[in-house]
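>>> The following block contains a protein sequence and its predicted model.
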Amino acid sequence: MKGKIYNYFPGGNTSKGFYSFYKYIIRQEEAQRIICIKGGPGTGKSSLMKKVGHFFNDKGYDIEMHHCSSDNNSLDGIVIKGLNVAILDGTAPHVVDPVNPGAVDEVLNMGEHWNEEGFKVSRDKIIETNKQIGATFQSAYRYLGAAKLVHDDWENQINSALIYEKINVLEKELINKILLSSIPRVGFQRHLFATAFTPEGIVTFIDTLLENYDNIYVLNGVPGTEKSRILSSISNTTSKNGFDVEVYHQPLIPEKIEHILIPGISTAIVTSNEINNMTFSGNQIYMENFIQVNKSNYSKDRILDTKNNFNFLIIKAIDLISSAKKLHDQLETHYVPNMNFKELDIVYDNLIDKISKYEKNV
């Protein structure tokens, strides 16, 4: 019987540039093995991880697929749950190097299986294309930065009309409903993204992560309705009560929280917001109920104008991320012809044998 597959983004294209939560993919203390793959684009890193992941998924293991926000069809890493073995892409922009070499980590160098002489003719083109990719991402990040400023203005307009007393009551009620017990430990918070700005637009995996959760609370609302602050408060209180928390951050403003999942009590608190535009089943909470729309400084026309400007900037940023992906595809054409894929088949077989040996430790 196949195991389950869970999908995440360990890094994101944000208003602060590329933002990484790679250290939360798997902890050194719990890992049997972490294999860091080094190699250029088109050297088979993602394909290798997918093949290994599906092999062990077919054997019944649950697999975490950690997707690349700059190419959501490619992987930045996998975790074979139960075996506690991870394979990570250790190349830029998410550079991963061994922390405890030999004891936990090792490096798999895909460069051992390419024809170095074959790159000589493409050397200048590779360097130039890499520069273009970097410049294109920087432009995308500037647009996301501008979107964040507009988003700040949107939040401030809503903040000025909020009924904070009622929001504070809601926060306490949620904590009292959710946390009916505690255990004598400090819970671990794992930080990742469930939503990302990708070449294919805004992609979210949160709906797949919610499968089998018994209690789902949905905070519906526009920016500035204190959703992230409520989630942060619940998350910290949950950890203090001894439960582990999965914290999923906003793709635009990574310091803020989009969703939290508490697997130990099968409870999730998610947000339907201006970026993911998701509709969730569950206990619905409408944050607009805490807005005083009759306040003199609350203007629906101004808010609509702000929303339109925000969406325009997000679309421009995604267009640039898509352009960077096309340049990356061009870069791969210089690597693929110089790879010995027959040798990579042997690498795959050896990797399966290596990981399978860890089964005896389970």
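Looks like it came in fine. Remember, it's a predicted structure, so these values are computed and weren't measured experimentally. Numbering: from 1, shown residues only.

>>> residue ranges of the helices in the stretch 51-200 of the chain, please?
123-159, 164-178 (DSSP state H, counting those that start in this stretch).

>>> Just put those helices in CSV and tack on mean pLDDT and distance to Phe21.
Backbone N, C-alpha and C define where each C-beta goes, glycine included. Converted to CSV, the helices of the stretch 51-200 of the chain look like this (pLDDT from 0 to 100; distance: least, CB to CB, whole Å):
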stretch, mean pLDDT, distance to Phe21
helix 123-159, 97, 17
helix 164-178, 96, 24
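
>>> Give me whichever of those is most buried.
helix 123-159 (a mean of 17; mean count of other CB atoms under 10 Å).

>>> which SS state does Ser232 fall under?
Assigned by DSSP: H, G, I helix; E, B strand; the rest coil, the conformation of Ser232 is helix.

>>> from memory it sits against Ile257, does it?
Yes - the pair Ser232 and Ile257 passes the contact test of CB atoms under 8 Å, sitting 5.6 Å apart.

>>> quick one: which of the two has more around it?
Remark: of Ser232 and Ile257, Ile257 carries more neighbours, 23 against 16, as counted by other CB atoms under 10 Å.

>>> Pretty sure Lys307 sits against Trp154.
Yes - with contacts defined as CB under 8 Å, Lys307 counts as touching Trp154 at a distance of 6.8 Å.

>>> what about Val107, distance to Arg33?
Taking CB to CB, to the nearest Å as the measure, Val107 and Arg33 are separated by 12 Å.

>>> and these two? which has more neighbours close in?
Using other CB under 10 Å as the criterion, Val107 and Arg33 rank with Arg33 on top: 19 against 13.

>>> Which residue is the nearest non-sequential neighbour of Gly60?
The spatial neighbour of Gly60 that comes closest, neighbours along the chain excluded (CB to CB, 6 or more residues apart in numbering), is Gly3 at 5.1 Å.

>>> Just say helix, strand or coil for that neighbour.
coil.

>>> which ones are touching it?
Contacts for Gly3 (CB atoms under 8 Å, 6 or more residues apart in numbering) come out as Phe56, Asn57, Lys59, Gly60, Tyr61, Asp62, Ile63, Lys81.

>>> What separation do you get for the second one and Asn115?
Looking back up the chat, that one is Asn57. 33 Å.

>>> do the last one as well
When CB to CB is the yardstick, Lys81 and Asn115 sit 37 Å from each other.

>>> what about the two, which has more around it?
Shown here are Lys81 and Asn115; by other CB under 10 Å, Lys81 has more neighbours (17 against 10).
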